[in-house]
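[1] I'd like to go over a predicted model; first the sequence, then the structure.
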Amino acid sequence: MTSLVHSLSIRWRLALLSAGLTFVVLCGFAVVIGQLTASGIRSDFRKEMTAAVANLRDRLDFTFVNGRPQIAPSLVNTYAASNRAVIRVVLDNRVVIAATPGAPNFEQLGLKVGNTGQVAGYRVDKRPTVLKVQDKGAIITLHAYVQYARRVAPIEASVHRVRLFLLLGVLAGSGLALLLALALSRRALAPITRLTSTARDIATTRDPNRRVPIPDTDDEVAELAQTLDEMLLALESSRAESEAMLVRQRQFVADASHELRTPLTSVLANLELLAEVLDGERGDAARSALRSTHRMRRLVADLLLLARADAKREVPHEPTDLARVLVEASAELGPVATDHALSVDAQPAIVDGAKDELHRLALNLIQNAMQHTPPGTHVQASVRREGDRVVLVVEDDGPGVLPELRDEVFGRFVRAEGDRGGSVGLGLSIVRAVARSHGGEVVLESPPEGGARFVVTLPAVASPPQGAAGAGGSSEEPAAATAQ
């Protein structure tokens, strides 16, 4: 019951509470009115009977017939007909000298002579009377009782009808109170409903510039709306400050990464020269520093690419054959793929993009497959055009991606346990950044036969003219390469 009440809206709770209170008040009112009305009906009935039997007693007149007292039957029958009453006139010696047809013997039913009461569905009222008559010059006096009886069923039926009407009135009043409470609560809660709708829209659109409607009243709802509006203003201000700070950070990272390329290039040139001219431990140290610098240059290049993507800085795009880019990336990794079987199936497919970034995308996908699969794994890369889309697929028959990493595999600095390549965890995040900056997307699939499949989908463009091949496009026939 408690859970049911808690599941109801405030509107229904208020309406049910109002209807419940109305029901209780009306029940109390109905009980009082019902008792008073029933008592009044019964009292009126008794008074009417008392007046009727008194009036009848004064009208009685009898004669002696064959030495026996007798009252004219028409007198009692006519008097009883108006109210469907039952009349009996009984002498002290229990001799009935007048009675309506079918009148029961109340004494035999348990009512003592001369008593007033209720028996066999009748209300019996009695009145003693003295009958006097002159017979043969002598006055004869008789003591008798007049019994006037009426059925109580019609009176009780009236009482039941009154109670039924009161019950229906209570139910109708409670139902009407429920409907009115629902209407009033809906009107009263309308400002809160608008606040809720606006807050839901803001949560959906994530637009803090929206303002909440403030009622033109001076109550708690208006205060709540004002507080929410002030909170949104504060959130908007905080969001603007955070976005400005993030923009400055992204610009700083992009600028710093760009500026680091020049000194790194100079350091690499000097280290390459030292590695060639130095021997022994000094040569080993120079070559170790050269390897670390190469890795630093790759890291700086990755950070620069991601920073450009975050700062929405786009490099110039031109029609580029993605098949040719894939073949070149595979050829670059061919010498280091000695323990993997690398096959390429590339069909000419032109996209509008930056060749260097697309090269990085393909290179990272193939390199990722090699670094996270055991020796002997077959890695297959392919490019094909499907309608107005170009699809690049890199898949392997290795152990696949761990389930707990599937949702985070494209995150930055995410590395799986046992990473044999010594990566920093930026490869797949760069793939996603490049794909999105080119109007596409990358997804991870799990083939039924096992392994991992990365699918990059990019918008296709019409094949460029023959002279555009030098710009990164290609008009060559489908290319296929295999590195073992």
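    Right, received. Where do you want to start? Numbering: from 1, shown residues only.

[2] all strands of the stretch 251-400 of the chain, in order?
    Using DSSP state E, counting those that start in this stretch, the strands assigned to the stretch 251-400 of the chain run over residues 318-321, 341-346, 350-353, 378-386, 389-396.

[3] Nearest to Glu276 among these would be which one?
    strand 341-346 (30.9 Å; C-beta to C-beta). The C-beta positions use only the backbone N, C-alpha and C, and glycine is treated the same way.

[4] and the angle for the closest one with strand 378-386?
    Orientation note: strand 341-346 sits at an angle of 10 degrees relative to strand 378-386 (axes from the mean of the first three to the mean of the last three C-alpha atoms, to 10 degrees).

[5] From Ala369, how far off is His294?
    Distance, His294 to Ala369, by C-beta to C-beta, to the nearest Å: 21 Å.

[6] who's more crowded, these two?
    Ala369 (26 against 14; other C-beta atoms under 10 Å).

[7] quick one: contacts for that one?
    Going by C-beta atoms under 8 Å, 6 or more residues apart in numbering, Ala369 touches 340, 377, 379, 394-396, 398, 452, 454.

[8] Out of those, who's the most crowded?
    Among the contacts of Ala369, Val394 has the most neighbours (other C-beta under 10 Å), with 28 neighbours.

[9] How about that residue: which residues does it bridge to?
    Per DSSP bridges, the residues bridged to Val394 are Ala381, Phe454.

[10] which ones are touching it?
    362, 365-366, 368-369, 379-381, 453-454 are the contacts of Val394 under C-beta under 8 Å, 6+ apart.

[11] if we can go back for a sec, which among the contacts of Ala369 gets closest to Thr204?
    Comparing those against Thr204 with C-beta to C-beta picks out Phe454 as the nearest, at 31.3 Å.

[12] does the closest one really touch Leu365, like I thought?
    Yes. Contact status for Phe454 versus Leu365: in contact at 5.4 Å, counting by C-beta atoms under 8 Å.

[13] ok, which stretches of the stretch 301-450 of the chain are helices?
    For the stretch 301-450 of the chain, applying DSSP state H, counting those that start in this stretch gives helices covering 322-333, 355-371, 427-437.

[14] Run the chain-centre distance for the first one.
    Mean C-alpha position of helix 322-333 versus that of the full chain (C-alpha atoms, centre = their mean, to the nearest Å) differs by 51 Å.

[15] same question, the last one
    For helix 427-437, the separation from the chain centroid amounts to 37 Å (computed by C-alpha atoms, centre = their mean).

[16] now, which of the contacts of Ala369 sits nearest Leu405?
    Closest approach to Leu405 among the contacts of Ala369 (C-beta to C-beta): Ala452, at 10.5 Å.

[17] Not counting its neighbours along the chain, what's nearest Asn364?
    Gly427 (4.1 Å; C-beta to C-beta, 6 or more residues apart in numbering).

[18] What's the separation between the one you found and Arg360?
    Separation of Gly427 from Arg360 (C-beta to C-beta) stands at 9 Å.

[19] Farthest pair within the contacts of Val394?
    In the contacts of Val394, the most distant members under the criterion C-beta to C-beta are Ala362 and Arg453, with 14.8 Å between them.
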